[in-house]
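Chemist: My questions concern the predicted model and sequence given below.
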Amino acid sequence: MNPPMNVARLAAVDAVRAARVLSEVREAALTGRRAPLAPRPVIEQSWGRMLRSGVDPDRDFRSRPLPPDEVRRRREESPLRHVLPVLREGLLSVADEAQHIMVVADADGRVLWREGSLPVLRKADGLGFELGADWREDVVGTNGVGTPAVVRRPVQVFAAEHFVRSHTSWTCTGAPITDPRDGRLLGVVDVSGPLETMHPATLSWVDAVAKLAEARLRELHLGSLERLRAVAAPVLARLDGRALVVDRDGWTAAVTGMPYPRRVTLPKSLVPGRRWLPSLGWCAAEPLGEGWLLRADEEPGTAAASRVVLDLSRPERATVSVSASTPAGAWTRELSPRHAELLFLLTEHPDGRGAAELAGDLFGDPSRTVTVRAEMSRIRRYLGGLLQHRPYRFSDAADVAVVLPENPRDLLPRSTAAVVARRRTAPPTERPAPA
């Protein structure tokens, strides 16, 4: 097998030659011929997803951009609006001089902000890289907005590494921005320009600025919790029993009479009154400042039957959904790759797995129980009584279903667990039917 091409090194010396070699690699990959060099793994994997999903490399498909009112609404609701000053300060001054533009897209791949060099903005218009445009990977092919959103790490896409031919005169470098509170993808910041402007340091530069934006979001969240804590303190001081105050996303500001939970999973639409919450059981919910006062009932109650759906159908975008026969209703949470992997292992072993067994499953090393126990503790914070321990397993009250990807090779792509590897190669008849 040919070694992967070192794009950054070659492009730093001769961008035109690098683009020409990449064009040969791309054509060979699309026609099934042997290429002089292998594409980089992140690009090869993306091309594989494009081929399986039917994206046409010779057709410049463009979905209709969002109308201006919808772009405005998304801007107003996006947490990314709070970090635009950080992104502008870190990227725009250099981007303008280097003939680049800065693009900020939301988690749906929709372009919400676009600034930088005016000549490059006009070139971007010709590619459909405009406000409101949809730049998801499965819509426009491998690119610096959609691909980082899928793989959840910074990616530079240079010249013919783009899947669609009309984009191959372009270079894009994007980094995901995630919510530091729960790891949820908020969007992608991208720096793009003509291929001759490519620089090998751009990837580290964009990644560093994206991390600064996440740090700013973390500061804003801690500040909001401090303000809520000041409101909560006198209220909790007058209460007996177990109670806590959380923000609207369930992050704890203050507690009394109970251990301090970092976060409580709330239903999507919490209303005042007596509610059932997975980690607390029955409690009374009351609005307080910019959050909620939750007073736990002292009487024990029985666990309610719940349906749990582990959705692994989208690579790098696993979720768990719970619909309970309680007033808490239904909720969905996006999972980290590790949590998705652990929950999948538990569905494969319904009788339960001990920490050593899970460590062996994950790492091939049963001694790594500390890591497993820490991750399982985090999972139990949002699944509560639906997940039991000693051994770890789903509660008998949980009706668990798994939704698998259409292509078995897309199952938990980062996992090296033997059970997952077997599922990727199992014939369709041996895999569980999607729920």
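Modeler: In hand now; what should we look at?
Chemist: Shouldn't Ala374 be within a helix?
Modeler: Yes: according to DSSP: H, G, I helix; E, B strand; the rest coil, Ala374 belongs to a helix.
Chemist: Quick check: Val255 touching Leu244?
Modeler: Yes: if you go by C-beta atoms under 8 Å, Val255 and Leu244 touch, sitting 4.2 Å apart. Placement of C-beta: from N, CA and C, glycine included.
Chemist: so where does Val370 fall, helix or strand?
Modeler: In this assignment (DSSP states H and E), Val370 forms part of helix 369-383.
Chemist: and the next element down the chain from that helix?
Modeler: Using DSSP H and E, the helix or strand that directly follows helix 369-383 along the chain is strand 387-388.
Chemist: how far does that next one sit from the chain's center?
Modeler: Here strand 387-388 is found 25 Å from its chain centre; the criterion is C-alpha atoms, centre = their mean, to the nearest Å.
Chemist: Which elements pack onto that strand?
Modeler: Other elements packing on strand 387-388 under the criterion 3 or more C-beta pairs under 8 Å, 6 or more residues apart in numbering; DSSP states H and E are helix 369-383, strand 393-394.
Chemist: Within the sheet, what are the partner strands of it, with directions?
Modeler: Using DSSP bridges, the strands paired with strand 387-388 in its sheet are strand 393-394 (antiparallel).
Chemist: Show me the shaky parts of the protein.
Modeler: Within the chain, the ranges that satisfy pLDDT under 70 run 1-16, 95-98, 298-305, 324-330, 427-435.
Chemist: Go ahead and flag the most central residue of it.
Modeler: Centroid-nearest residue in the chain: Leu185, 4.1 Å away (criterion: C-alpha atoms, centre = their mean).
Chemist: and the closest residue to that residue other than its chain neighbours, how many neighbours does it have?
Modeler: Of all residues not flanking Leu185 in the chain, Ala107 sits nearest, at 4.7 Å (C-beta to C-beta, 6 or more residues apart in numbering). Residues near Ala107, counting by other C-beta atoms under 10 Å, number 20.
Chemist: so Ala107 touches Gly187, yeah?
Modeler: Yes: applying C-beta under 8 Å as the test, Ala107 and Gly187 come out as touching, 5.6 Å apart.
Chemist: Check the contact lists of the two and give me the overlap.
Modeler: The contact sets of Ala107 and Gly187 overlap at Ala149 (C-beta atoms under 8 Å, 6 or more residues apart in numbering).
Chemist: hang on, isn't Thr425 packed against Leu411?
Modeler: No: Thr425 sits out of contact with Leu411 when judged by C-beta under 8 Å, with a separation of 10.0 Å.
Chemist: These two - which one has more neighbours?
Modeler: Leu411 (22 against 10).
Chemist: check contacts around the more buried one.
Modeler: Leu411 sits next to Leu312, Leu404, Pro405, Val420, Arg423, Arg424 when contact means C-beta under 8 Å, 6+ apart.
Chemist: Turn the residues you listed into CSV, columns for neighbour count, secondary structure and distance to Trp113.
Modeler: Shown next, in CSV, are those (neighbours: other C-beta atoms under 10 Å; DSSP: H, G, I helix; E, B strand; the rest coil; distance: C-beta to C-beta, whole Å):
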residue, neighbour count, secondary structure, distance to Trp113
Leu312, 25, coil, 32
Leu404, 21, coil, 36
Pro405, 17, coil, 32
Val420, 20, helix, 38
Arg423, 21, helix, 40
Arg424, 16, helix, 38
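Chemist: Name the helix or strand for Leu236, please.
Modeler: Here Leu236 is assigned to helix 202-237, by DSSP H and E.
Chemist: and the helix holding Val370, how far out from the chain's middle?
Modeler: 19 Å.
Chemist: Check stretch 222-236 too.
Modeler: Centroid separation for stretch 222-236 versus its chain: 29 Å, with C-alpha atoms, centre = their mean.
Chemist: coming back round to it: is it correct that the residue nearest to the centre of the chain is in contact with Asp108?
Modeler: No: at 9.7 Å, Leu185 does not count as touching Asp108 under the criterion of C-beta under 8 Å.
Chemist: residues shared between the contacts of the two?
Modeler: Counting by C-beta under 8 Å, 6+ apart, Leu185 and Asp108 have no shared contacts at all.
Chemist: Could you find the closest non-adjacent residue to Gly116?
Modeler: With C-beta to C-beta, 6+ apart as the criterion, Gly116 has its nearest non-adjacent residue at 3.4 Å, and that residue is Ile101.
Chemist: Quick check: Leu203 vs Pro154, distance?
Modeler: 6 Å (C-beta to C-beta, to the nearest Å).
Chemist: Those two: which is more packed in?
Modeler: Under the criterion of other C-beta under 10 Å, the comparison of Leu203 against Pro154 puts Pro154 first, with 24 against 18.
Chemist: Now do the contacts for that one.
Modeler: By C-beta under 8 Å, 6+ apart, Pro154 lies in contact with Pro148, Thr173, Gly174, Ala175, Pro176, Leu203, Val206, Asp207, Ala210.
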